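Engineer: got a sequence here, can you build the structure:
(one chain, ligands or ions: 1)
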Amino acid sequence: MDVPLSIISLIQYAANYHGEVEIVSRTLENEIHRYSYRDAYIRIKKLANALKSLGIGPQDRIGTVAWNGYRHFELYYAIPGIGAVCHTVNPRLPEAQVGATIAHAEDKIIFAEPDFVSLLEEVAESTGCVGTYVIMTDEARMPETNLANVLCYETLIAGADEDFANQDYDWPSLDENSAAALCYSSGTTGRPKGVLYTHRSTILHSFAACMPDNFGIASRDCVLPVVPMFHVSGWCLPYICPMVGAKLVFPGSRMDGQAIFELLDGEGVTMTAGVPTVWIMLLEHLRASGKKVPRLKRLLIGGAAVPKSMIETFETEFGVEARQGWGMTEMSPVGTIGGLKGAQAELSRDKQYAYKATQGRPVFGVELEIVDKSGTPLPHDGKNFGEVRVRGPWVVGEYFKDAAANEAAFDAAGWFRTGDVSTIDSDGYMRIVDRTKDVIKSGGEWISSIDIENAAVGHPEIIEAAAIALPHPKWGERPLLIAVAAEGGAPTRDGVLAYLARHLSKLEMPDDVVFVEELPHTTTGKLRKTALREMFKEHVLPTA
Ligand code: AMP
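Structural biologist: Next up is the predicted model:
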C-alpha cells in the first residue's frame, strides 16, 4: 500500500505499544522529570492544537532554542505532525549566526528555554520574522524579558482546549516528501547552510540507524542522547527510541562527567551517543572517582575522529563497546558505523582495533565513493585516498534557499561532495584522512592530521591533541602538534617526539610540539583548526 511515511506515527506507535516506557529529563533547575510515552503523546496533541491556534500552517518554520529535554521532544513531534517544519536553532553558534539562521529560516514562532532568552533579545533586531516567543517553562519560572509577544509553554498547552487523554488528534495526511525539520550546518566551513529533512528521509534514516550493527537499539534499551537535539536531530535518537520503544534519558544542559555519570548509573543507561570531547570528560570523571558503568553496553562516538586509545580504554577498562560513526548534517547524519564483521572475530587484538579505529562501513542506504581531483572514482584498496562523495535517500538533495552553496556541493552526476578525504578498503571500511582543508601537504605527499592526533593521544600524559600545517621553506608544509596535558601529567616536547617516533613514519613526525591549556572546539565538538592556524601562524618550526 502506498502509505506515506510520517514522523507522528513514531510517537503514536510508542504510545500504543510502549505506553509505560519512561522519558526522563534533567531540567534546568537540576531536577529529574519523568513521564511516559503515553503522557508525552497527550501533551504533543495539545501542543499541536496550540500551534494551530497560533495560526501555524503547512511548511511554516518554527524555531526551537533548547537543550535535550521532554519539552523539546514534544516539539519534535507536534511541529511536523501538523505539517510545519521544526528548525532546531544551534544556540552555540556565534550570536550573529544565530540571528542569521533564524532570519534565513523565516521562523514564525520561537520556542526557547529560559536561559536562551537573553541570546534572543540580543538578536531580536535581525529576527523580525518571529511573531511570537514561547518560553519553555511554567508560569512560576517565567523570566523577565523585553522580547515582544511572549507566551508561557505550560500555559499554552493547558489552554489547548480539547481533552486528548481519551481521543486521538486529527493529524493531517502529509506528503512524505514534505519537509519536517531544518538544521543548519555548524559553520566549520564558513557560514551555516540549511538542510531540510523530510518525513520520508527521517523515517528511512531511523530504520537504518537503529539496526543491530549500527546503533543497535532495542525496546529493552535505555538510551542517553548526549549529542544535542539542536544539531542534526540529536542523531535522530529522539525518533529512533520511540520507533522501538526504548527508554529515553535527556541530560538537559549538563554534560560534565559527573552529571553524565549520574544519569548513566541512576537510570540504568545501556546505550549512549556523543562527540569525543564528552567522553574525555566522562573518562576523567570515572578515573578520578574510581566509578564504573556496569550497565552501559554500548557507546556511539562520532562527529569528530575518535582516537583508537579511547575505544580501547572504554572496552578494556570499562567493558563498554565503543563504536565510531561518521556522518554529517547533510546526511541526517549517519553514513558509516564501525564494528567488526563476523569473520573478524578471529583476528588478532591489534588487527581488530585497527578496524575499530576506522570510521566504519557504509550503512545500508548510503552509497560512498572516493574520487580524485578530476572526479574519477578511486579503488577501494585501503590505500588510495580521495574526496568522499555520497548518495542516498537521507542525503541532502539541495541546500535550503542557497543557490550558491548548491552549485559547489554536488558533482555533475548529482553526488554530494562531503569535503572529507578518506580511504576505503575492500571490506568497505572507511578511514577519514582529513577534511580537504586540513590535510598537511608536505613535499608532494599528503599527511593525515588525524593520524598524528590519534598517535599523540596514545601517549599516557596527553589528553587531547591537534595537528596543523605550518609553512615550511623546503617541504611546503610540515605538521605542528598542539597538545593538552592530562591531569597530573607533565609531558615534554622531546619525550612526546620520542614516543611518536615509535608510532609514526618519518614523513608524519611533527616538526615541533607545543602545549596549551585547552584546544578550541566548534559548537558541535570538533577541533577548530581555523582558530589554531590563526593562533600559531607566527610559530616558526625548527629547520634543523
Ligand atoms: P557536521 O555536519 O557538523 O556534523 O560535521 C560533519 C563533519 O564532521 C564531517 O564532514 C567530518 O569532517 C566530521 N566527522 C564526523 N564524524 C567523524 C568521524 N567519526 N571521524 C572524523 N571526522 C568526522
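Engineer: can stretch 80-97 be found next to the ligand?
Structural biologist: No. Using C-beta under 6 Å from any ligand atom, stretch 80-97 stays clear of the ligand, coming no nearer than 9.4 Å. Every C-beta, even on glycine, is put in place using the N, C-alpha and C of the backbone.
Engineer: for the residue in the stretch 201-350 of the chain positioned nearest to the ligand, give me its contacts.
Structural biologist: Closest residue of the stretch 201-350 of the chain to the ligand, C-beta to the nearest ligand atom: Thr329 (3.4 Å). For Thr329, the contact set (C-beta atoms under 8 Å, 6 or more residues apart in numbering) comprises Cys183, Tyr184, Ser185, Ser186, Val195, His231, Val232.
Engineer: could you redo the last one with a cut-off of 10 Å?
Structural biologist: By C-beta atoms under 10 Å, 6 or more residues apart in numbering, the residues touching Thr329 are 90, 183-186, 192-195, 197, 231-233, 396, 524.
Engineer: now, these that are in strands?
Structural biologist: Members of the contacts of Thr329 lying in strands (criterion: DSSP state E): Cys183, Tyr184, Gly194, Val195, Tyr197.
Engineer: ends of stretch 155-163, what's the gap?
Structural biologist: Stretch 155-163 has an end-to-end distance of 15 Å (criterion: C-alpha to C-alpha, to the nearest Å).
Engineer: give me the nearest residue to the closest residue to the ligand within the stretch 1-150 of the chain, chain neighbours excluded.
Structural biologist: Among the residues of the stretch 1-150 of the chain, Asn90 lies closest to the ligand, at 9.4 Å counting by C-beta to the nearest ligand atom. Leaving aside its chain neighbours, Asn90 sits nearest to Phe230 (5.0 Å; criterion: C-beta to C-beta, 6 or more residues apart in numbering).
Engineer: quick one: the lowest-mean-pLDDT helix or strand in the chain to chain centroid distance?
Structural biologist: Ranking every helix and strand in the chain by mean pLDDT, DSSP states H and E puts strand 445-447 at the bottom, with a mean of 87. The chain centre lies 28 Å from the centre of strand 445-447; the measure is C-alpha atoms, centre = their mean, to the nearest Å.
Engineer: stretch 85-92 now?
Structural biologist: 13 Å.
Engineer: ok, and the closest non-adjacent residue to the residue of the stretch 201-350 of the chain closest to the ligand?
Structural biologist: Excluding its sequence neighbours, the residue lying closest to Thr329 (C-beta to C-beta, 6+ apart) is Ser185, at 4.4 Å.
Engineer: next, count neighbours for that neighbour.
Structural biologist: By the criterion of other C-beta atoms under 10 Å, Ser185 has 22 neighbours.
Engineer: would you quantify the distance from it to the ligand?
Structural biologist: Distance, Ser185 to the ligand, using C-beta to the nearest ligand atom, to the nearest Å: 5 Å.
Engineer: buried set for the biggest helix by length in the chain?
Structural biologist: Looking across the chain with DSSP state H, the single longest helix is helix 37-53. Buried positions in helix 37-53, judged by neighbour count with 16 or more other C-beta atoms under 10 Å: 37-51.
Engineer: need the pLDDT of the residue nearest to Asn90.
Structural biologist: Listed pLDDT for Phe230 reads 96.
Engineer: residue contacts, it?
Structural biologist: Phe230 makes contact with 64-68, 72, 87-93, 116, 183-184, 523-524 under the criterion C-beta under 10 Å, 6+ apart.
Engineer: swap in Pro91?
Structural biologist: Applying C-beta under 10 Å, 6+ apart, we find Pro91 in contact with 64-67, 98, 112-113, 115-116, 119-120, 228, 230, 523.
Engineer: spit out the contact partners of Arg295.
Structural biologist: Cys222, Leu264, Asp265, Glu267, Gly268, Val269, Thr270, Val320.
Engineer: of those - the most surrounded one?
Structural biologist: Leu264 (26 neighbours).
Engineer: can you tell me the SS state at that one?
Structural biologist: Secondary structure assignment for Leu264 (DSSP: H, G, I helix; E, B strand; the rest coil): helix.
Engineer: which residues touch it?
Structural biologist: The contact partners of Leu264, by C-beta under 10 Å, 6+ apart, come to 222, 224, 226, 249, 251, 270, 272, 282, 286, 291, 293-296, 299, 320.
Engineer: let's see which of those residues end up in strands.
Structural biologist: Short answer: these in strands (DSSP E) are Cys222, Leu224, Val249, Thr272, Leu299.
Engineer: what residues does this structure have near the ligand?
Structural biologist: Residues of the chain lying near the ligand (C-beta under 6 Å from any ligand atom): 185-186, 232, 302-306, 324-329, 333, 359, 418-420, 432, 435, 524, 526.
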